[in-house]
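1. mind looking at a prediction? Sequence and model below.
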Amino acid sequence: MPRPLLWITVMSDASIDRVNRGDWPDLLARLFSWILLAAIGVFLVNNVLSLAFDWPGISPVFFAKDPGVPSWIQLLVYVAGFVGAVIYVLFSRQRSLRADGFLISDISAFLVRVAFWIVLLVGVGDMIVSFVRVEGWLPVFVGEDIARSLGRPSYRGIYVHCPLMILSVVIAAFSRSLGFIWLTLLIVVAELAIVFTRFIFSYEQAFMGDLVRFWYGALFLFASAYTLLEEGHVRVDVFYSGYSNKRKALVNAFGSIFLGLTMSWTIMIVGMGNKMAIINMPVVNFEVSQSGYGMYVKYLMAGFLGVFAVTMAVQFVSYFLESVADYRDEPGKRKPTSSAAA
C-alpha cells in the first residue's frame, strides 16, 4: 500500500547513504528535472489564466508590437518558476537523486489520487442527479427552478461538480491509497447493474452507460503513471535484457526524455495550447453528450487526457532521476511491488 507523501520523502532521504551528493552531474540532473517540473506547473497556471481571465499567453511578447501587461506577467511567471527551481536545487545540494525521485513520484501519486477521488465522487453525484432527473423527481427535492438549472451543463458543473472536486483534493491529501483496485471493482459493479436492469427489469438509461465509460476512461489513463512507477508497461525488448545495469539505466534516462517527456509535452501543448485546443475547448464549454438525460461529464473526460499527460510527465521526470541514480550506482534503489496498490 502506498505510504503518505511526507512519510515517503522523509524516510527515503534518511535511508539513502550520502554518496556522490552535490557534485556537478547530480546538480545538473536535479536542475534539469526541477526546471521541467516548474515548466509544467507554470504552463498549467498560465493555461488557467488564459481560460478563466482571457489572458493572451506569452506569444504576444515575442510576436506583437504591444503585448500588454498580462503577457508580460505570464512570461514572468515562467521566469519565477525557473528561478525557484534553481534556488531549490542550489540550496539542497546534499539531497540525493533518489530522494528527489521519490518526492517527485509522490507528487505524481498525489495528483492521481486527486483525480481518482474526483471521478469517484463526481461520477456517483452526477449519476444520482441524472437518475432523479430522468425519473422526474428532481423538482420534488430541489424545486422547479433549480431542477431546470441542473439541466444546464454549466450550472451542474459549477454547483455540483466543483464542490465535489474540492472535497476530492481534501480527501486525497489524507488518503493512503491510489484506489485502482476499487475503481476496477466499481466498473464491474456498474456494468453488472446494467445487465441486471436491462435483462431482468427491462430498464436502462443513458446515464448508466455514461458512468461505465467515465470510470473506465479514468482507470485507463490515470493508472498509466502508477504502472510506469511499478514498471508494469509492456517493454518491447530486443536488446535491453542483455544490457548491463549501467547501460539499462542510460537507456531509461534517455528514453524518459526523448520518448516519455516528448509525448507528454506534445499532448499538453496540442491539447492545451490555446482556447480552441482539443482539451481546453470541451472543458471551458462544459461539453456534454448528445443524450440530454445522460451524465454531464463529457468535458471531464476530455480533461482526463490532460491529467494523463501531466502525471506521466511528472513520473517520467522521477524515472529520469532514478535512472541517473542507477547509472551512478547510488544505493537505495526502489524495487517495484508485485501487485497494484490497493
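-> Thanks, I have it.

2. C-alpha from now on. contacts and neighbour counts both.
-> OK.

3. check contacts around the residue nearest in space to the middle of the chain.
-> Nearest to the centroid of the C-alpha atoms of the chain, with distances taken as CA atoms, centre = their mean, sits residue 307, at 3.3 Å. Contact partners of residue 307, counting by CA atoms under 8 Å, 6 or more residues apart in numbering, are 112, 115, 221-222.

4. what do you get for residue 119?
-> Neighbours of residue 119 in contact, by CA under 8 Å, 6+ apart: 214-215, 218.

5. export these as CSV, with columns for pLDDT.
-> Listed next are these as CSV, based on pLDDT from 0 to 100:
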residue, pLDDT
214, 93
215, 93
218, 90
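
6. out of these, who has the most neighbours?
-> In terms of neighbours by other CA atoms under 10 Å, the contacts of residue 119 top out with residue 218 at 27 neighbours.

7. what about the residue lying closest to that residue once chain neighbours are set aside, distance to residue 333?
-> Nearest non-adjacent residue to residue 218, counting by CA to CA, 6 or more residues apart in numbering: residue 304, 6.5 Å away. Using CA to CA, to the nearest Å, residue 304 is found at 31 Å from residue 333.

8. so for those two, which residue has more residues nearby?
-> Shown here are residue 304 and residue 333; by other CA under 10 Å, residue 304 has more neighbours (22 against 13).

9. so what touches stretch 267-278?
-> 47, 50-51, 279-281, 302, 305-306, 309-310.

10. would you indicate which residues of that stretch are buried?
-> 267-268, 271-275, 278 (16 or more other CA atoms under 10 Å).

11. likewise for stretch 277-289?
-> Buried, per 16+ other CA under 10 Å, within stretch 277-289: 278-283, 286-288.

12. so where's the stretch 201-342 of the chain uncertain?
-> By pLDDT under 70, the low-scoring segments of the stretch 201-342 of the chain are 231-236, 292, 336-342.

13. just the helices in it please.
-> 206-229, 245-255, 262-272, 280-284, 298-327 (DSSP state H, counting those that start in this stretch).

14. I'd like the ones you listed as JSON lines, with distance to residue 168 appended.
-> Formatted as JSON lines, those follow (distance: least, CA to CA, whole Å):
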{"stretch": "helix 206-229", "distance to residue 168": "15"}
{"stretch": "helix 245-255", "distance to residue 168": "33"}
{"stretch": "helix 262-272", "distance to residue 168": "23"}
{"stretch": "helix 280-284", "distance to residue 168": "18"}
{"stretch": "helix 298-327", "distance to residue 168": "14"}
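
15. so for residue 34, which of those helices sits nearest?
-> Taking CA to CA, helix 298-327 is the member of the helices of the stretch 201-342 of the chain nearest to residue 34, at 8.4 Å.

16. pLDDT score assigned to residue 4?
-> What the model reports for residue 4 is a pLDDT of 43.

17. of the contacts of residue 307, which is the most crowded?
-> In these, the most neighbours by other CA under 10 Å go to residue 112, 28 neighbours.

18. that one contacts residue 222, doesn't it?
-> Yes. The pair residue 112 / residue 222 is scored as a contact, 6.1 Å apart, by CA atoms under 8 Å.

19. now the common contact residues for these two.
-> 307, 311.

20. so who does the spatially closest residue to residue 298 that is not a sequence neighbour touch?
-> Ranked by CA to CA, 6+ apart and with sequence neighbours excluded, the top spatial neighbour of residue 298 is residue 288, at 4.8 Å. Residue 288 makes contacts with 153, 295-299, as judged by CA under 8 Å, 6+ apart.

21. just those now: which is nearest residue 170?
-> Looking across the contacts of residue 288 and measuring by CA to CA, the closest to residue 170 is residue 297, at 21.1 Å.

22. for the closest one, the count of nearby residues, please.
-> By the criterion of other CA under 10 Å, residue 297 has 27 neighbours.

23. same check, this time on residue 201
-> Neighbour count for residue 201, taken as other CA under 10 Å: 9.

24. and it, how far is that from residue 190?
-> Taken as CA to CA, the span from residue 201 to residue 190 is 15 Å.

25. for the helix ranked longest in the chain, the averaged confidence score.
-> Identified as the longest helix of the chain according to DSSP state H is helix 97-134. Across helix 97-134, the average pLDDT comes to 92.

26. what's the helix or strand hosting residue 41 packed up against?
-> According to DSSP states H and E, residue 41 maps onto helix 24-53. Counting contacts by 3 or more CA pairs under 8 Å, 6 or more residues apart in numbering; DSSP states H and E, helix 24-53 packs against helix 69-90, helix 97-134, helix 298-327.

27. among the ones you listed, show me which one is buried the most.
-> Ranked by mean neighbour count under mean count of other CA atoms under 10 Å, the helices and strands packed on helix 24-53 are led by helix 298-327, which reaches a mean of 24.
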